[in-house]
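S.K.: sequence and computational prediction follow.
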Amino acid sequence: MIRVQQEDFDIGAEIAGLKAGRGDIGAIVAFVGTMRDRSGDHAVDEMTLEHYPGMTEAELQRIESEARSRWPLQASLIVHRYGTLRPSDNIVLVLTASEHREAAFRAAEFLMDYLKTRAPFWKRESGPHGARWVEADARDRAASTRWDKIKDAAE
Amino acid sequence: MRLLYFAWVKEKTGVAAEDVDIPAHITTVAELMAWLKTRGPEFDHAFARSEVIRAAIDQAHVRHDAAIGAAREIAFFPPVTGG
């Protein structure tokens, strides 16, 4: 499941919802991305996340389907926020559930790596030095392509 | 055709969304961006570094050499920075 929302999420409630009535789940991995109060040398007071309504949901669904085709997951959830956030606020939640932990660990990492380079969100940070659009990080691109290599190597 | 712009591409063009009649000879995303540049100083500025701009046709990522075909909606935006 995927959700795109302005409001915060409750990690405990999301995990409880994911495993309610499920006896087939043996491992749940949760990743939470939160907002930092610094970006390089600059202090950041506020961040606004813009997104592309319609494509965001479609892309998150494609990313989730890809993960579920690669690993045996019992359940998965991506929740991504948009709008104005402040330091320490939650940004994104990824939950993956599987029978044994390896699939859940790897799928959660894959979901985050793919989301970072494919989901149409853009961050604009503001602070004492003014406002700026965050630039894409080459390390995120590299983190995403390593999964392509794993797939190629397996083929 | 519906054109959408996001983040700094939107800021520079000054437009979030518009319906545009695209000349028949424009067949790819790259050609469309080159044509958009000719629509005034704001568009020229927004698409000056068109190689870094990403595009989506009908809400799916595409490369610059992708054919526009029967697209209903084409979006232009910087590399994404979510997560």
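M.R.: Done, it's in. Numbers count the residues shown, from 1 in each chain, chains lettered A, B, ... in the order given.

S.K.: and residue B:62, how many neighbours?
M.R.: Neighbour count of residue B:62, defined by other C-beta atoms under 10 Å in any protein chain shown: 18. In this view, the C-beta of every residue, glycine as well, is placed from N, C-alpha and C.

S.K.: quick one: it and residue B:28 touch, right?
M.R.: No: under the contact definition of C-beta atoms under 8 Å, residue B:62 does not touch residue B:28, with a separation of 9.6 Å.

S.K.: please tell me how far the most centrally placed residue in chain B sits from residue A:46.
M.R.: For chain B, the residue lying nearest the average C-alpha position, counting by C-alpha atoms, centre = their mean, turns out to be residue B:76 (3.8 Å). Going from residue B:76 to residue A:46 by C-beta to C-beta, to the nearest Å gives 26 Å.

S.K.: likewise residue A:93?
M.R.: From residue A:93 over to residue A:46 (counting by C-beta to C-beta), the distance is 21 Å.

S.K.: buried residues in stretch A:17-33?
M.R.: Residues A:18, A:28, A:29, A:30, A:31, A:33 are the ones in stretch A:17-33 that count as buried (16 or more other C-beta atoms under 10 Å in any protein chain shown).

S.K.: stretch A:39-46 now?
M.R.: Judged by neighbour count (16+ other C-beta under 10 Å), stretch A:39-46 contains these buried residues: residue A:44.

S.K.: not counting that stretch itself, show me its contacts.
M.R.: Taking contacts as C-beta atoms under 8 Å, 6 or more residues apart in numbering or on different chains, the residues outside stretch A:39-46 that touch it are A:35-38, A:84-87, A:125-129, A:134.

S.K.: got it, and stretch A:122-137?
M.R.: A:39, A:42-51, A:116-117, B:6-8, B:77-82.

S.K.: now the buried members of these.
M.R.: When these are checked for burial by 16+ other C-beta under 10 Å, the buried set is A:44, A:47, A:49-51, A:116-117, B:6-8, B:77-82.

S.K.: for chain A, what's the nearest residue on chain B?
M.R.: Using C-beta to the nearest C-beta, the closest approach of chain B to chain A is made by residue B:82 at 2.7 Å.

S.K.: in which helix or strand would I find that residue?
M.R.: Residue B:82 is located outside every helix and strand, with elements delineated by DSSP states H and E.

S.K.: check contacts around it.
M.R.: Taking C-beta under 8 Å, 6+ apart as the criterion, residue B:82 is in contact with A:49, A:51, A:80, A:91, A:92, A:115, A:116, A:119, A:120, A:121, A:122, A:123.

S.K.: that one and residue A:78, how far apart?
M.R.: Summarising the geometry, the distance separating residue B:82 from residue A:78, computed by C-beta to C-beta, is 11 Å.

S.K.: go on, residue A:27?
M.R.: When distances are taken as C-beta to C-beta, residue A:27 and residue A:78 turn out to be 18 Å apart.

S.K.: report pLDDT for the residue most central in space within chain A.
M.R.: For chain A, the residue lying nearest the average C-alpha position, counting by C-alpha atoms, centre = their mean, turns out to be residue A:112 (4.4 Å). Predicted confidence (pLDDT) for residue A:112: 97.

S.K.: show me where chain B has its helices.
M.R.: Per DSSP state H, chain B has helices spanning B:7-13, B:29-37, B:41-46. These are given in chain order.

S.K.: count of residues packed around residue A:84?
M.R.: Applying the criterion other C-beta under 10 Å, we find 13 residues in the vicinity of residue A:84.

S.K.: bridged to it, which residues?
M.R.: When bridges are assigned using DSSP bridges, the partners listed for residue A:84 are residue A:48.
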